[in-house]
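A.B. asks: Pasted the sequence and its predicted model underneath.
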Amino acid sequence: MKYDVIVAGLGPAGATAAYELSKKGFNVLAIDKQKHPRYKPCGGGLSAKIEKILEPDFKTVVERTIRKVNFTFRGTGDIHIESETPLVYMVMRDVFDNFLVEKARAKGAEIHEQEKVTHAEEGKDSVVVMTEKNTYFAKLLIGADGVNGTVARSIGLKPKKKTAVLIEGEVKVKDKRFKKIKDEIQFDFGSVPYGYGWIFPKADHLSLGVGGLKEMINNPKPYYSGFLSDLYLFDDIESEKKFGYTIPIFDGVSKIASFRTMLAGDAAALADPFLAEGIYYAVRSGQIAAEVTSGILHGNTTTANYQKRIAQEIYPELQYARKIGMVFYTFPKLGYELLKRYPEFYKQIFDVVRGEATYEQLWGKMKSNAGIEIMAFLGLLKTRPHDVREMYDSIAEQYDSYVSIWKNTLGKGVWNYFEEMLQKNIKDGVTVLDAGTGTGETIGAILKNSNPSKVVGIDLSKGMLKIARKKIKDKRVSFDVQDISTNLPYPDNSFDVVTCTWALETLKEPKKTVAEFLRVINEDGYVIYAFHSLPTDIMGRLYSYFMEQLLKKKYELRFLTPKERPFHKCGRSSIASFAGGLATVVVLRKCCNVDDETAPCLIGEEEIPTGNTH
């Protein structure tokens, strides 16, 4: 028997396609390797925008309607937020998927369960689908058989994807604990690299787990245990069943349709790269596949229209979700702090979840508000040289609040190390020049960690120096307007120590400036400086890509390359890198020659504290 269409796989994508086509009177065969209802590991969260594409009867299988969200970082720092309207509908996948399958069956779809598809191939007049039990023929094929589907492999379609590995537990906890959290979902950043932990309450238990990119974590088991520990859940667990699974995360526009075949749902790698949601896009792609199939069978379109429809409706959202996910999961503490400090972020996320806004709009919100300002303070970017003064004048009033975020997120490790170098190398009674002093954060650290006799802070921004003068009233400290990219107006051997933090990135010739620092220190002096450098590892490259995409139209980004970095290798110097090479701290002595890293010292070597890679 020849069918109009065969649907391989009866998850949300396949069951939806089978239902829509059967409803229109087409002869549909739907095949699945398992018997429904069957357990399916999944958080089971349907974003509220599902209401826009599913018939209202889906709510008969909803176990809990969620309006509250709690964002945390490694189990602490709760950010409780409540929405006036539903955000997420919680379901168990065995019940939800079976509900969709039975709807398709009721409309006349021929359902074959416990029958595994082993091969598929396209011919001139039909598509052939082989199973363990039989061979079937149809005019068209919808491949909805999941992340490792046979259809895509047989037909030669290879959607671009990143594989997320996850562990989920179906966990019953003590009644007292359950009542406290039963109406709130929780997302935890930092519990797993490039991913998150979650708690989704169901009717009488919690679906909870962790997931992240396979290339980052490989085995999620230790992170699952750590997540439960961070939440102090172990003592409250009454029963627990754990399951491992994978999600195909969208990783770029792909060919997902051929002459007689269309891929939908996980088979097409349509999972959201930010929230890892797959159900909405599975259902929608199943509907689009059904609409295109109907058009083909009526003789007025081709499978190319399916590719076009996905490219118009789904791919743009997933592309912007990938950019947002890159920020949040490359630097989870920063993502958490953005949610904490900028309510417009989570409000916009809620709008996306409800289908009232797009990821493109959310991305725009990040760029137009906190994004540009936070990245400006980080010192990872610069305007063209003649605009540096103007840029720092414009952000002077907000700069210290940005520093507060940075010290608790990306910069925590490097800043702590920089302070250690100040404490070890600045002795009582010395004179210090802080070049590019900004609002005086480094001078504040110097005064906290040592007892200098005099500190001079110089900067080209009058706005930044105005803030510094308000903050620091110590009589030992003075400030001057001075461009550090030019020759410094001080005689040789004028200071015992020169410090500089995240100013070299704004200069055309950072080596020339550091050579000036070396000139003005005395024979036993130190130059201690920090800068952002071009990273080499995958996380750093991801971040560099994000920075370029975020700010390339307004700013010229600058990461100092190894050739540009002012450094000299000798027994008296030290270098330490952080965050995969994004940040570097250097200590130099008078003998150092930054024009040639490997040149021998001019005087005998004396060891100073050396740094490691962090």
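C.D. replies: Perfect, thanks for sending it. Residues are numbered from 1 along each chain as shown.
A.B. asks: I'd like to know how far Asp434 sits from Gly440.
C.D. replies: Asp434 sits 8 Å away from Gly440 when distances are taken as CB to CB, to the nearest Å. (Each C-beta comes from the backbone N, C-alpha and C, glycine too.)
A.B. asks: Ignore what I typed, I meant Pro332.
C.D. replies: In this structure, Pro332 and Gly440 are 30 Å apart, going by CB to CB.
A.B. asks: Mutual contacts of Asp434 and Gly440, please.
C.D. replies: Jointly contacting Asp434 and Gly440 under the rule CB atoms under 8 Å, 6 or more residues apart in numbering are Gly457.
A.B. asks: Now Gly440: closest residue in space that isn't a chain neighbour?
C.D. replies: Ala468 (3.5 Å; CB to CB, 6 or more residues apart in numbering).
A.B. asks: Moving C-terminal from the helix or strand hosting that neighbour, which element do we reach first?
C.D. replies: In this structure, Ala468 sits in helix 462-471 according to DSSP states H and E. Going down the chain from helix 462-471, the next helix or strand is strand 477-481, by DSSP H and E.
A.B. asks: Strand partners (parallel or antiparallel) of that following strand?
C.D. replies: Strand 477-481 has the following strand partners under DSSP bridges: strand 454-459 (parallel).
A.B. asks: what is the mean pLDDT for the partner strand?
C.D. replies: Mean pLDDT, strand 454-459: 97.
A.B. asks: Kindly report the same for stretch 512-527.
C.D. replies: Stretch 512-527 shows an average pLDDT of 94 in the prediction.
A.B. asks: One more: stretch 280-299?
C.D. replies: Averaging pLDDT residue by residue across stretch 280-299 gives 98.
A.B. asks: Give the buried residues for it.
C.D. replies: Within stretch 280-299, the residues scored as buried using 16 or more other CB atoms under 10 Å are 280-294, 296-297.
A.B. asks: Run through this structure and note the low-pLDDT ranges.
C.D. replies: Within the chain, the stretches falling below the threshold (pLDDT under 70) are 1, 367-402, 404-410, 533-561, 579-581, 602-614.
A.B. asks: Show me the domain layout of it.
C.D. replies: As given by automatic domain parsing, the domain ranges for the chain are 2-319, 403-589.
A.B. asks: In contact with His119, which residues?
C.D. replies: Listed by CB under 8 Å, 6+ apart, the contact set of His119 reads 129-130, 150, 154.
A.B. asks: and it, how far is that from Ile521?
C.D. replies: Distance, His119 to Ile521, using CB to CB: 74 Å.
A.B. asks: Could you list which of the contacts of His119 belong to helices?
C.D. replies: If you go by DSSP state H, those have 150, 154 in helices.
A.B. asks: rewinding a little: restricted to helices, list the buried residues of stretch 280-299.
C.D. replies: Secondary structure assignment by DSSP H places 280-294, 296-297 of those in helices.
A.B. asks: that older thread, which one of the domains of the chain lies closest to Gly325?
C.D. replies: If you check each of these against Gly325 by CB to CB, domain 2-319 wins as the nearest, at 4.0 Å.
A.B. asks: can the contacts of His119 go into a markdown table with extra columns for distance to Leu460 and neighbour count?
C.D. replies: Output for the contacts of His119, formatted as a markdown table (distance: CB to CB, whole Å; neighbours: other CB atoms under 10 Å):
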| residue | distance to Leu460 | neighbour count |
| --- | --- | --- |
| Val129 | 70 | 27 |
| Met130 | 73 | 16 |
| Thr150 | 64 | 22 |
| Ser154 | 64 | 22 |
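A.B. asks: quick one: which of the contacts of His119 is nearest Glu168?
C.D. replies: Using CB to CB, Thr150 is the member of the contacts of His119 that sits closest to Glu168, with 24.7 Å.
A.B. asks: who's the closest residue to that closest one other than its chain neighbours bridged to?
C.D. replies: Of all residues not flanking Thr150 in the chain, Val117 sits nearest, at 4.8 Å (CB to CB, 6+ apart). Residues in a beta bridge with Val117, per DSSP bridges, are Thr131.
A.B. asks: Same check on His80?
C.D. replies: Per DSSP bridges, residues listed as beta-bridge partners of His80: Asn70.
A.B. asks: could you list every residue that touches it?
C.D. replies: When contacts are counted by CB under 8 Å, 6+ apart, His80 touches 68-70, 184.
A.B. asks: can you list these in CSV and add neighbour count?
C.D. replies: Converted to CSV, those look like this (neighbours: other CB atoms under 10 Å):
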residue, neighbour count
Lys68, 15
Val69, 21
Asn70, 16
Glu184, 18
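A.B. asks: Out of those residues, which is nearest to Ile167?
C.D. replies: Nearest to Ile167 among these: Asn70, at 20.5 Å, using CB to CB.
A.B. asks: so that closest one touches Ile185, yeah?
C.D. replies: Yes. With contact defined as CB atoms under 8 Å, Asn70 counts as touching Ile185 (7.3 Å).
A.B. asks: Could you export the domains of the chain to TSV, including columns for distance to Trp363?
C.D. replies: Conversion of the domains of the chain to TSV gives the following (distance: least, CB to CB, whole Å):
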stretch	distance to Trp363
domain 2-319	9
domain 403-589	9
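A.B. asks: what's the closest of these to Phe328?
C.D. replies: Distances from Phe328 to each of these were compared using CB to CB; the shortest belongs to domain 2-319, at 6.9 Å.
A.B. asks: Kind regards, and thank you for your time.
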